[in-house]
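> next input, structure requested:
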Amino acid sequence: MKLIQASCLAALMLCLGGVAHADDLQTVGDPDGLGFSARRLARMTSWFEAQTKKGDPSGFVVAVARGGKLAYLQPIGFADHDKTIPMRTDSIFRIGSMSKQITSVATMMLVDEGKLDLDAPVAQYLPELSDMQVVKKDPVTGDPILSDLARKIFEPAKRAMTIRDLLRNTSGLVYAMADYADPGFGNTAIHVLYGARAPFRRDKPIASFVASLGTLPLLHQPGEVWEYAIGYDVLGRVIEVVSGQTFDQFLQSRLFAPLHMVDTGFYVPEDKLARLVAVPGAQSAPLSDGDVTKPPTFFSGGGGIVSTAPDLLRFCQMLLNEGELDGARILRPETVRLMMTNSLPSDMHVAGHEAGPAFGTGWGLGFAIRTNPDFSMIPGAVGSFNWQGSWGTFFSVDPAQKLILLLLMQRPQYRDNGFYFNAIRRLPYAALKVPEVAAPPTSQPSNPAPLTDYVGRYDFGGSASSLDRQILVADGNGWIGLKSVAVETDGLRVIRPVEGGPAARAGVLAGDLITAIDDASIRGLTLEAALRRIPGPVNAKIKLKIIRETQSDPVVVAFAREAVPSHSVALRIRITDGRLVVEAAGAWSILDFDKGEPTPVAALSRDEFYVEGGDHTRIAFVRDAAGKVNGAVLNPGPWEQRGTLVQ
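Residues are numbered from 1 along each chain as shown. Model (predicted):
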């Protein structure tokens with residue numbers, strides 16, 4: 001993918017209206033004027049409406065802004081599971097871990113003011129976290145020595161954890177299993193210990209929570225491992241100490257009020273409760289963001305904030321404007337650029353085994369960052385940033401396209417929401433107009449090739465747009481097809497294998513407990529350590545030892561790792577009534593081509609065709625050295641997408 005150069009970006013900003021104002025984000029403008037195909041953008045409504053019919057979730061709020069103007073804002077479905085309360089554009093959602101980005105901005109405001117030093121030890125502001133010890137690790141495997149943990153035998157930290165470490169998730173702290181019900185955070189002895197000794201309590205202040213951390217060991221040496229952790233809750237207390245205000249007061253006076261984020265905070269007042277979106281089990285959830293109907297004492301900077309689509313659009317636009325909105329300067333431009341620059345070494349993994357700078361996804365100061373132009377877990381161009389929340393919220397900002405994507409829904413915590421996040425990642429990019437439009441041909445090609453040359457299925461990989469060229473990176477170089485696993489004391493519990501994937505075809509079932517990988521026990525390992533045993537090259541053998549409740553003896557399953565599938569976008573090309581017709585055949589519609597709607601194309605030249613209506617999508621076929629068609633290119637040029645003939 002060719003990135004838009006700075007001069008082009010400047011012209012694009014002028015074309016799209018320059019610096020955004022909050023009023024521009026209130027009313028939906030003309031999608032075509034903002035560079036979208038209105039027809040293709042409307043696919044989102046029908047797609048999300050179809051999902052609400054399944055009942056979980058019952059509704060969504062979806063927003064797309066470009067160049068500081070609102071291109072799409074749609075409430076879809078219902079705010080309650082009885083389907084009696086229609087969703088509203090200003091419905092209020094628990095945003096879970098999207099609170100972290102708000103906390104990061106608040107932290108960097110104090111850095112900008114010279115009141116907080118990024119590289120100062122956290123203990124400089126919170127003396128109760130001085131001289132923290134670290135769980136000892138096996139020098140060969142790198143796994144924690146749990147017997148030493150039980151005997152409280154630790155080693156000193158090589159250096160103190162810093163404010164920057166808290167923002168980078170490299171502090172050595174972890175999440176407590178008792179507080180975060182997602183098994184992906186781990187439930188080894190250290191996570192259980194955190195849950196017992198430092199639980200989140202809505203009725204306790206942050207100061208009390210932080211004091212309890214001072215008696216606990218770190219799992220990792222500061223700066224050495226990325227692990228999703230309670231660092232942002234610690235930052236909330238740092239902000240209190242440095243600013244002299246409670247964390248909620250600081251956010252309200254210094255961030256929410258200046259940005260006119262009128263519905264954002266740590267609870268929903270009584271006069272706004274009618275707009276709160278329901279979540280099954282939310283009232284009994286152990287997290288600090290579970291019951292948001294009453295004011296808490298514990299203000300969780302890691303997961304306790306509620307907000308709305310209009311408020312979050314303002315927050316994202318401020319970041320896109322490099323720290324300013326409507327004359328309110330929140331951060332310096334250079335500070336925003338620092339926050340959106342990868343801060344991790346290239347070999348450090350982000351989110352367990354799933355990504356890292358070497359695989360296209362890094363971590364800035366509070367945000368996941370796209371680092372590779374060709375593949376990443378992050379949509380958009382290099383420098384795009386995003387994150388998500390445990391209740392089913394997601395945002396993404398693409399500075400190159402001046403694009404903000406926002407999806408809000410409410411599901412029980414830690415459901416697999418990737419299906420929905422993929423939609424808000426792909427559908428808006430697939431609706432962007434391609435700048436170059438081919439002129440209709442004046443005459444038919446003089447030497448047309450037989451239409452039968454082009455018949456077949458063409459695979460375009462995992463993206464619905466060349467501007468969002470992603471490759472799913474899973475299980476290292478080779479893929480075994482375990483969509484979700486949970487760490488337990490005795491191994492990895494399979495939550496769900498990928499249907500049709502290598503593990504599922506070999507006989508691995510949901511509920512299986514993997515106790516050994518390639519004859520090596522994974523008992524007692526953290527999630528990160530256990531998943532390090534899975535990667536391997538394509539075609540390399542892997543052997544899993546499994547305990548299954550329905551069988552008395554362990555099951556051994558052996559199979560080969562495979563290349564990661566990339567079948568999200570595909571086209572099926574046929575001949576109908578003497579004309580070449582094209583239809584989307586993968587998971588997503590693409591450009592002018594929809595699923596279930598064969599679209600005729602007209603010849604433009606030998607091996608090149610175009611759609612006479614719609615957005616005039618062009619398709620050029622590619623031949624090998626022997627002259628046989630083996631691929632296709634959609635809209636040849638800077639935004640082109642290349643596909644391979646697979647059958």
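> tell me where the model's unsure across the stretch 51-200 of the chain.
141-142, 146, 177-188 (pLDDT under 70).
> what about the helices in it?
99-112, 146-150, 163-168, 189-197 (DSSP state H, counting those that start in this stretch).
> give me the contact list for the second one.
Just to be clear, that refers to helix 146-150. If you take C-beta atoms under 8 Å, 6 or more residues apart in numbering as the criterion, helix 146-150 is touched by 135-136, 154, 188-190, 193, 217, 524. C-betas here are computed from N, CA, C, even on glycine.
> switch to 6 Å and redo it
Residues outside helix 146-150 that contact it (C-beta atoms under 6 Å, 6 or more residues apart in numbering): 135-136, 189, 524.
> for the longest one, same thing?
Under the contact criterion C-beta under 6 Å, 6+ apart, helix 99-112 has outside partners 116, 118, 167, 232, 235, 239, 242, 251, 255, 301-305, 331-332, 335, 365-366, 387.
> try it again at 8 Å.
By C-beta under 8 Å, 6+ apart, helix 99-112 touches 116-118, 163, 166-167, 232, 235-236, 238-239, 242-243, 247, 250-251, 254-255, 264, 289, 300-305, 315, 319, 330-332, 335, 339, 365-367, 387, 389.
> list the contacts for residue 160?
Taking C-beta under 8 Å, 6+ apart, we find residue 160 in contact with 121-123, 130, 132, 222.
> for PyMOL, write a command that selects the buried ones of those residues.
In PyMOL, this line selects whichever of the contacts of residue 160 come out buried by 16 or more other C-beta atoms under 10 Å:
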select buried, resi 121+122+123+132+222
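> in the contacts of residue 160, find the pair that's most separated.
The most widely separated members of the contacts of residue 160 are 130 and 222, with 13.1 Å between them, by C-beta to C-beta.
> which residues of the stretch 351-500 of the chain score low on pLDDT?
For the stretch 351-500 of the chain, the stretches with pLDDT under 70 are 351-356, 358-359, 375, 414, 436-443, 462, 469-478, 483-484.
> can you identify each of the helices in it by residue range?
Under the criterion DSSP H, counting those that start in this stretch, the stretch 351-500 of the chain carries helices at the ranges 418-430.
> switch the contacts of helix 146-150 over to JSON lines; also include distance to residue 33 and neighbour count.
Converted to JSON lines, the contacts of helix 146-150 look like this (distance: C-beta to C-beta, whole Å; neighbours: other C-beta atoms under 10 Å):
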{"residue": "135", "distance to residue 33": "57", "neighbour count": "25"}
{"residue": "136", "distance to residue 33": "61", "neighbour count": "16"}
{"residue": "189", "distance to residue 33": "58", "neighbour count": "18"}
{"residue": "524", "distance to residue 33": "59", "neighbour count": "20"}
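> could these go into TSV alongside distance to residue 482?
Conversion of the contacts of helix 146-150 to TSV gives the following (distance: C-beta to C-beta, whole Å):
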residue	distance to residue 482
135	26
136	29
189	24
524	20
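> closest to residue 533 among those?
Taking the contacts of helix 146-150 together and measuring to residue 533 by C-beta to C-beta, the closest member is residue 524, at 13.0 Å.
> roughly how far does the closest one sit from residue 555?
The gap separating residue 524 from residue 555 is 21 Å, by C-beta to C-beta, to the nearest Å.
> what do you get for residue 617?
Relative to residue 555, and taking C-beta to C-beta, residue 617 is found at 49 Å.
> higher neighbour count, these two?
More crowded of residue 617 and residue 555, by other C-beta atoms under 10 Å: residue 617, with 22 against 16.
> thinking again about what came up before, buried only: go through the contacts of helix 99-112 for me.
116, 163, 166-167, 232, 235-236, 238-239, 242-243, 247, 250-251, 254-255, 264, 289, 300-305, 315, 319, 330-332, 335, 339, 365-367, 387, 389.
> give me the subset of those that lies in strands.
Within those, residues falling in strands by DSSP state E are 387, 389.
> what about the buried ones among the contacts of helix 99-112, which are in helices?
Counted as lying in helices by DSSP state H, out of the buried ones among the contacts of helix 99-112, are 163, 166-167, 232, 235-236, 238-239, 242-243, 247, 250-251, 315, 319, 335, 339.
> verify the contact between residue 193 and residue 216 for me.
Yes: with contact defined as C-beta atoms under 8 Å, residue 193 counts as touching residue 216 (6.6 Å).
> stretch 192-204: end-to-end distance?
Its start and end residues considered, stretch 192-204 measures 20 Å (C-alpha to C-alpha, to the nearest Å).
> what's the offset of it from the middle of its chain?
27 Å (C-alpha atoms, centre = their mean, to the nearest Å).
> can you check stretch 69-81 too?
With C-alpha atoms, centre = their mean, you get 20 Å for stretch 69-81.
> same check, this time on stretch 413-426
On C-alpha atoms, centre = their mean, the centre of stretch 413-426 falls 8 Å from the chain's centre.
> try stretch 574-592
With C-alpha atoms, centre = their mean as the basis, stretch 574-592 stands 30 Å off its chain's centre.
> buried residues in it?
Neighbour-count burial for stretch 574-592 flags 580-592 (criterion: 16+ other C-beta under 10 Å).
> so which strand or helix has the closest residue to residue 597 other than its chain neighbours?
Closest residue to residue 597 apart from its sequence neighbours, by C-beta to C-beta, 6 or more residues apart in numbering: residue 583 at 6.5 Å. Using DSSP states H and E, residue 583 sits in strand 579-584.
> now for that strand, which elements pack on it?
Counting contacts by 3 or more C-beta pairs under 8 Å, 6 or more residues apart in numbering; DSSP states H and E, strand 579-584 packs against strand 570-576, strand 599-600.
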